[in-house]
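Chemist: predicted model follows, preceded by the sequence.
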Amino acid sequence: MIEARELCKNFKDKKRGVVKAVDHVSFSCKAGEVYGLLGPNGAGKTTTLRILSTALKPTSGTAIINGTDVTVDSQKVRSQIGFLSGNTGLYGRLTAREMVAYFGNLYGMEKQTIRRRTDELFTLLDM
């Protein structure tokens, strides 16, 4: 489902020069499996996720999402995934349930389906 191949992302900083935010990261995740990226601040976790979501292009390497290369067909990748970084600060006044309902509406789900799926999800995640 997800395969990262030697992902690298460098940024230029006026004071520090070239900063390696992601340095040759490789991993694979099969469909139905859950993984976590762990590491200290500045380790490249969010940058890696932004590359996988096509929000950033890698300096080198690539990633394959559901058979599609993120550097070749980013639009197709975006149509198959969802990504919301925890530090975007979006919708700060909404409760968790309101946020889920908002995105359900955005994707055209019926209100009854949104309520049912939200209940299932919140029960599953013990929220």
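Modeler: Cool, the structure landed.
Chemist: give the contact list for the residue most central in space within the chain.
Modeler: The chain has Phe83 as the residue nearest its centroid, 3.9 Å off, counting by C-alpha atoms, centre = their mean. Residues near Phe83 by C-beta atoms under 8 Å, 6 or more residues apart in numbering: 49-50, 52-53, 55. All C-beta atoms are positioned from the backbone trio N, CA, C, and that covers glycine.
Chemist: in which helix or strand does it reside?
Modeler: Remark: Phe83 resides in no helix or strand, with elements defined by DSSP states H and E.
Chemist: oh, and call the first residue 36 from now on, that's how I've got it
Modeler: Yes, from this point I'll number from 36; that puts the last item at Phe118.
Chemist: roughly how far does it sit from Ile86?
Modeler: As judged by C-beta to C-beta, to the nearest Å, Phe118 and Ile86 stand 11 Å apart.
Chemist: go through the longest helix seen in the chain and flag the buried ones.
Modeler: In the chain, with assignment by DSSP state H, the single longest helix is helix 146-159. By neighbour count on 16 or more other C-beta atoms under 10 Å, the buried set for helix 146-159 is 149, 153.
Chemist: residues contacting it, please?
Modeler: Outside helix 146-159, the residues within contact range by C-beta under 8 Å, 6+ apart are 131-132, 135-136, 139-140, 144, 162.
Chemist: can I get stretch 130-143 as PDB, trimmed to CA atoms?
Modeler: The C-alpha coordinates for stretch 130-143 follow below in PDB (Å, rounded to 0.1, in the frame of the first residue of the first chain):
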ATOM      1  CA  THR A 130     -15.200  19.400  18.500                       C
ATOM      2  CA  ALA A 131     -13.800  16.100  17.300                       C
ATOM      3  CA  ARG A 132     -17.300  14.900  16.300                       C
ATOM      4  CA  GLU A 133     -18.000  18.200  14.500                       C
ATOM      5  CA  MET A 134     -14.700  17.800  12.600                       C
ATOM      6  CA  VAL A 135     -15.500  14.300  11.500                       C
ATOM      7  CA  ALA A 136     -19.000  15.500  10.400                       C
ATOM      8  CA  TYR A 137     -17.500  18.400   8.500                       C
ATOM      9  CA  PHE A 138     -15.300  16.200   6.500                       C
ATOM     10  CA  GLY A 139     -18.100  13.600   6.000                       C
ATOM     11  CA  ASN A 140     -20.200  16.400   4.500                       C
ATOM     12  CA  LEU A 141     -17.300  17.600   2.400                       C
ATOM     13  CA  TYR A 142     -17.100  14.200   0.800                       C
ATOM     14  CA  GLY A 143     -20.800  14.100   0.200                       C
END
